[in-house]
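Q: Give me the fold of what follows.
(chains A and B)
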Amino acid sequence: MNKNVKHGSVWTVFFTLLSIAYVFPIILVVVNSFKKKAYISRKPFAIPKDKMFVGVENYINGIKKTEYFKAFGWTLFITVFSVFVIILCTSMCAWYINRVITNTTKTIYYLCLFSMVVPFQMVMFTLSKIANMLKLNTPWGLIIIYLGYGAGLAVFMFSGFVKSIPIEIEEAAMIDGCTPIQTFFQVVFPIMKPTCVTVAILETMWIWNDYLLPYLVLDIKKYKTIPIAIQYLRGGYGAIDMGAMMGVLVLSIIPIVVFYLCCQKYIIEGVVAGAVKG
Amino acid sequence: MNNKTMKKYFPVFVLPTLIAFTIGFIVPFAMGVYLSFCKFTTVTDAKFVGLKNYAKIFAEDGTFGHALWYTAAFTVVSVILINVLAFAVAMLLTKNIRGKNAFRTVFFMPNLIGGIILGYVWQLLLNGILMNFNRTLTYSSKYGFWGLVILMCWQQVGYMMIIYIAGIQNIPGDLIEAAQIDGANKKQLLKDVIIPMVMPSITICTFLTLTNSFKLFDQNLALTNGEPSNMSEMLALNIFNTFYGRTGWEGVGQAKAVIFFLLVGAIAVVQNRLTRSKEVQQ
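A: Okay, here's the model as predicted:
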């Protein structure tokens, strides 16, 4: 027993050091965000003091150059509504195609499975042209694109769950006079809650950080998401403003960390559940 | 269930998803396949040219072969490293170590941060270290390669660790006890009991790391952007640059994308067969 405890504490020390090393890259960015931009590339490991220290200048610069809060707002808008629409529409679709088995519904299911293997590069050019033609190059239109492109995974996950729901529950509701819509929203949907959380987490992680799809679909002169705004800082014109870059990086990481610490339990459970079914 | 009443509800339940799916996937995919046989600059001026685009990839454009090789090497190295590290950490963090939940939290965190952000975070750190040797990440493709490997390990080890932990915790305790009573040493326990029992997790994790690494784009774009002169360019970025970097090459880009899709599909099918066959019945 005594030996075991000693053993344990050695590992605790080891993992503590490893954890510090793990967050070091992020700490480094935070430290550099307070440094004068000329020193960031030349002395990245120096502590910003005296003439190197600039206070929040980098943040102000970064926010101005990227219109950070606008980008944040659009990212939040797109993520929240896309996830909401995906959950609502694909759960309904998954329930229907698993309860009414026809050639059409079977085909839809297999197409959804198939779409999960197709890399985005395969459809990116044609998708962005179609989105343009249909005037879907706005944040509202992007939600429809996300529903379409994200449907595969979501339908697949919901289908896995629907198959495990005993059909008798629904039949009882129907006999009691529920329409299919009432049956779905009052009986089936509440049972699906755990899967909804899983799908919501996987889709949120994807959409919030997605760069290429919104970059190609959105009219980026008018609308930018956070990843687009960051990449935009790099721009085509000579050197990057490292100061502004550091400020915006920190501002983008903070909301993610806060969100993670608040919903950690659900996120980790969601990832495990998603992996087991995928 | 009464199928007749249900069928009337098809438009309500399925149609919204189906329409979006058609716009967002089915039509772009079908058009993509067709356009790979055409010369075009936008989708409306396509002219059928047969297999010319495919021939051009290998005859006139040397970057694709290099990107393919680079991506394959990167995928092999990162899949092995990520899975070995994640499994080792998961084994340790399922033991009775004080603070293990806090450690899990820390290791998982980088997953939630997007590839573009991570690329710039690591660019700062790695360039800072390389500066001492008078090098930068874009000095040669080797630095970009190992930079990307380190970045991907840092990002993905935590995610895979979580899946492995769930797998390890699912092994019934009496199975391990029985093996110990039968005199299995630690090595045998790992090789003959634990690894076969977590095979489903290994299947999932190798699948996820394999496809993530092979399809990597954001991190590649932010960390090196393919520099120096396309030498650290992976397949996804190579396809993107063919489409949007060279006018008149859109058809070639689309043909590359079709090949890319076939490769990803083949990897997915083969990998699934291989590891599934090693899973034990519980």
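Q: What's the local residue count around the residue of chain A found nearest chain B?
A: Per Cβ to the nearest Cβ, A:Gly148 is where chain A lies closest to chain B, at 2.0 Å. Yep, even glycine has a C-beta here, placed from its N, CA and C like the rest. When counting by other Cβ atoms under 10 Å in any protein chain shown, one arrives at 27 neighbours for A:Gly148.
Q: again with B:Ile239
A: B:Ile239 has 28 nearby residues by other Cβ under 10 Å.
Q: repeat for A:Leu17
A: 10.
Q: Give the helix, strand or coil label for the closest residue to A:Ile63 other than its chain neighbours.
A: Distances taken as Cβ to Cβ, 6 or more residues apart in numbering or on different chains place A:Phe69 nearest to A:Ile63, at 6.8 Å, with adjacent residues excluded. Here A:Phe69 is recorded as helix under DSSP: H, G, I helix; E, B strand; the rest coil.
Q: How about B:Lys278?
A: coil.
Q: top helix in chain B by residue count?
A: Selection of the longest helix in chain B by residue count, based on DSSP state H, yields helix B:63-93.
Q: Report the mean confidence score over that helix.
A: The pLDDT scores in helix B:63-93 average 93.
Q: what about the helix or strand hosting A:Met205, distance to the chain center?
A: Secondary-structure assignment from DSSP states H and E places A:Met205 in helix A:193-209. In terms of Cα atoms, centre = their mean, to the nearest Å, the centre of helix A:193-209 is set 7 Å apart from its chain centre.
Q: does chain B sit close to it?
A: Yes. Helix A:193-209 reaches chain B (Cβ under 8 Å from any Cβ of the partner chain) through A:Met205, A:Trp208, A:Asn209.
Q: Could you list which residues are in contact with the residue lying closest to the first one once chain neighbours are set aside?
A: Setting aside the residues directly before and after it, A:Met205 is nearest to B:Leu112 in space (Cβ to Cβ, 6+ apart), at 6.1 Å. Applying Cβ atoms under 8 Å, 6 or more residues apart in numbering or on different chains, one finds that B:Leu112 lies in contact with A:Met205, A:Asn209, A:Ile256, A:Val257, A:Phe259, A:Tyr260, A:Ile267.
Q: So the residue nearest to the spatial centre of chain A versus A:Gly274, what's the distance?
A: Most central in chain A under Cα atoms, centre = their mean is A:Met205, positioned 2.2 Å from the mean C-alpha point. Separation of A:Met205 from A:Gly274 (Cβ to Cβ, to the nearest Å): 10 Å.
Q: count of residues packed around whichever residue of the stretch 1-150 of chain B sits closest to chain A?
A: Closest residue of the stretch 1-150 of chain B to chain A, Cβ to the nearest Cβ: B:Gly24 (2.0 Å). By other Cβ under 10 Å, 27 other residues sit near B:Gly24.
Q: quick one: it from A:Val85, how far?
A: According to Cβ to Cβ, B:Gly24 and A:Val85 sit 12 Å apart.
Q: residues contacting the closest residue to B:Asn83 other than its chain neighbours?
A: In space, and not counting its chain neighbours, B:Asn83 is closest to B:Cys205: 5.6 Å by Cβ to Cβ, 6+ apart. Counting by Cβ under 8 Å, 6+ apart, B:Cys205 touches A:Ala275, B:Ile82, B:Asn83, B:Ala86, B:Met160, B:Ile163, B:Tyr164.
Q: Take these and lay them out in JSON lines including neighbour count and distance to A:Pro48.
A: Output for the contacts of B:Cys205, formatted as JSON lines (neighbours: other Cβ atoms under 10 Å in any protein chain shown; distance: Cβ to Cβ, whole Å):
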{"residue": "A:Ala275", "neighbour count": "22", "distance to A:Pro48": "41"}
{"residue": "B:Ile82", "neighbour count": "27", "distance to A:Pro48": "34"}
{"residue": "B:Asn83", "neighbour count": "21", "distance to A:Pro48": "39"}
{"residue": "B:Ala86", "neighbour count": "25", "distance to A:Pro48": "35"}
{"residue": "B:Met160", "neighbour count": "28", "distance to A:Pro48": "36"}
{"residue": "B:Ile163", "neighbour count": "24", "distance to A:Pro48": "39"}
{"residue": "B:Tyr164", "neighbour count": "24", "distance to A:Pro48": "39"}
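Q: which among these gets closest to B:Asn101?
A: B:Tyr164 (15.7 Å; Cβ to Cβ).
Q: Could you check which helix or strand contains the closest one?
A: B:Tyr164 belongs to helix B:141-169, assigned by DSSP H and E.
Q: what's the angle between that helix and helix B:63-93?
A: 40 degrees (axes from the mean of the first three to the mean of the last three Cα atoms, to 10 degrees).
Q: Give me the pLDDT for B:Thr209.
A: pLDDT at B:Thr209 comes out at 92.
Q: typo on my end, it should be A:Leu153
A: Model confidence at A:Leu153 (pLDDT) stands at 90.
Q: quick one on the thing from earlier: I'd guess the residue nearest to B:Asn83 is in a strand, am I close?
A: No. According to three-state DSSP, B:Cys205 belongs to no strand; its state is helix.
Q: distance of it from B:Pro196?
A: 15 Å.
Q: give me the number of residues near residue 252?
A: Here I'm looking at chain A. So A:Ser252, with other Cβ under 10 Å, has 26 neighbours.
Q: Switch to chain B, please.
A: The number of residues near B:Val252, taken as other Cβ under 10 Å, comes to 24.
Q: Where does it fall, secondary structure wise?
A: helix B:250-276.
Q: So for that helix, what gets flagged as buried?
A: B:250-261, B:263-264, B:267-268, B:271, B:275 (16 or more other Cβ atoms under 10 Å in any protein chain shown).
Q: Where do the helices of chain A begin and end?
A: Under DSSP H, chain A gives helices at A:2-32, A:37-42, A:57-66, A:68-99, A:103-115, A:120-133, A:139-162, A:167-175, A:180-183, A:189-191, A:193-209, A:212-217, A:226-234, A:242-277.
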